[in-house]
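# Okay, sequence plus prediction incoming.
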Amino acid sequence: MVRFDPVVSALLDANKHPLRREIDQLRTIILGVDKSIEEGVKWNTASFKTGEWFATLNGPKHIKEPMIILHAGAKAKGIVLKDRIADPQSLIKWLGNDRGQITFKDSTDIKTKQKALQAIIGAWITTIR
């Protein structure tokens, strides 16, 4: 069973995030991909790491649609991930060679794309280790 970090939950509660349902859905999916994934607060929002930070969800000011930013750590390392992560459904909008964005319309869209997202997260953490 996935356990949320209480500090992240408290931050989301304090900000009364309008996408809370979707953010919790994404938190569950990401944390369920691998036991080594930890959740914490980075950049004033829910973020995830396996030693290095690799993903960040919508912050309190980004409320248009559920979104994940995938990256290769807090500081650029020159890692090229763009051509190394399988993305058959073209979920990732590449913002650079080591940074991608995945947006969803709503909770149903997240559920529909859950397996593809899990595969991307798994490949991402394997590649940046």
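Looks like it arrived, so ask away. Small disclaimer: the values here were computed from a predicted structure and weren't measured.
# Can you tell me the closest non-neighbouring residue to Glu39?
Distances taken as C-beta to C-beta, 6 or more residues apart in numbering place Asp5 nearest to Glu39, at 4.2 Å, with adjacent residues excluded. Placement of C-beta: from N, CA and C, glycine included.
# list the contacts for that neighbour?
The neighbourhood of Asp5, defined by C-beta atoms under 8 Å, 6 or more residues apart in numbering, consists of 38-41.
# check which helix or strand covers Arg21.
Using DSSP states H and E, Arg21 sits in helix 20-33.
# List the buried residues for that helix?
By neighbour count with 16 or more other C-beta atoms under 10 Å, helix 20-33 contains the buried residues 22-27, 29-31, 33.
# Now that Gln114 has come up, it's in contact with Ile29, right?
Yes: using C-beta atoms under 8 Å, Gln114 is in contact with Ile29, at 5.7 Å.
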